[in-house]
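**Q** Show me the folded form of this:
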Amino acid sequence: MANWIQLMGVGARIVMFILILLSIWSVAIMIDRRQVFKRELGPSRMDEIKKIIGSRNWDLLRSWAESNPCFAAGAILSAMGAESKDESVIDRAVQSYFTEQKLKLEKGLNLLATLAANAAFIGLLGTVMGIIQSFGILSSQQGSAMNAVMFGLAEALVATAIGIFVAVPAAIGYNLFSQRLRNAQLEASAIRDLYVSKVVK
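**A** Model prediction:
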């Protein structure tokens, strides 16, 4: 068998091995992000926060925010930490908090997005290599190599299947985490605006 045919087969196997490693990596990221999001975001308890802000009991609000680890509570502490009744000052303080939290919470999500967009194409590369190997076997050994050709084609298609298997969970994970972060930020923004409306005169 020609060297280039063997090389295609090795290449296809390397692609599959890389995809399996990427799959393990993406699962590890999703498990890690799930734990971080659960710890950092927590239940927002919007109705409770609104009632406290509506009462203008700022000591109670600070105490509540310090004892409830959620995104909105962090925004409240940032707003109160600005120690100002100027809307722009409060807004900058909260935006700084949003940026800091976003950098921390989005860690690893870009990799999930990249895998979602490209894993299937990596798998397709392995498939193309496997098909080239199969046709190379067929042309070099003619009719006696049919079993080897069929095995090569099956192996090639497995690469595409693995690529899809990596891409789909990565896409789902990325979308779920991104949406949850977006919702948390929208809730925190609403709380910030309510706080500003009660503080700023």
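**Q** packing partners for the helix or strand bottoming out on mean pLDDT in the chain?
**A** Within the chain, no helix or strand scores below helix 109-141, which has a mean of 81 by mean pLDDT, DSSP states H and E. If contacts are counted by 3 or more CB pairs under 8 Å, 6 or more residues apart in numbering; DSSP states H and E, helix 109-141 sits against helix 3-40, helix 146-199. Glycine gets a C-beta too; all of them are placed from N, C-alpha and C.
**Q** Show me what counts as buried in that helix.
**A** For helix 109-141, the neighbour count (16 or more other CB atoms under 10 Å) marks 109, 112-113, 115-116, 119-120, 122-134, 136-138 as buried.
**Q** Could you export the helices and strands packed on helix 109-141 as CSV, including mean neighbour count?
**A** Putting the helices and strands packed on helix 109-141 into CSV (neighbours: other CB atoms under 10 Å) gives the following:
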stretch, mean neighbour count
helix 3-40, 16
helix 146-199, 18
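**Q** Quick check: which of the ones you listed is nearest to Ala72?
**A** Closest of the helices and strands packed on helix 109-141 to Ala72 is helix 146-199, at 4.6 Å (criterion: CB to CB).
**Q** Can I get the helices and strands packed on helix 109-141 in CSV including distance to Val94 and mean pLDDT?
**A** Below are these laid out as CSV (distance: least, CB to CB, whole Å; pLDDT from 0 to 100):
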stretch, distance to Val94, mean pLDDT
helix 3-40, 16, 84
helix 146-199, 5, 84
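**Q** can I get the ones you listed in JSON lines with distance to Phe98?
**A** Converted to JSON lines, the helices and strands packed on helix 109-141 look like this (distance: least, CB to CB, whole Å):
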{"stretch": "helix 3-40", "distance to Phe98": "13"}
{"stretch": "helix 146-199", "distance to Phe98": "6"}
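**Q** Which one, of those, ends up nearest to Ala73?
**A** Taking CB to CB, helix 146-199 is the member of the helices and strands packed on helix 109-141 nearest to Ala73, at 8.7 Å.
**Q** Show me what that closest one is packed up against.
**A** With contacts defined as 3+ CB pairs under 8 Å, 6+ apart, the packing partners of helix 146-199 are helix 3-40, helix 46-55, helix 71-81, helix 87-105, helix 109-141.
**Q** so for whatever helix or strand comes next after the shortest one, what's the average pLDDT?
**A** Pointing back at helix 46-55 there. Where DSSP states H and E defines the elements, the next helix or strand beyond helix 46-55 is helix 58-67. The average pLDDT within helix 58-67 is 86.
**Q** Any buried residues in helix 58-67, and which?
**A** In helix 58-67, counting by 16+ other CB under 10 Å, buried: Leu61, Arg62, Trp64, Ala65.
**Q** angle of that helix against helix 146-199?
**A** 160 degrees (axes from the mean of the first three to the mean of the last three CA atoms, to 10 degrees).
**Q** Begin at 671 from now on, thanks
**A** Fine by me, first position is 671 from now on; the one you just mentioned is helix 728-737.
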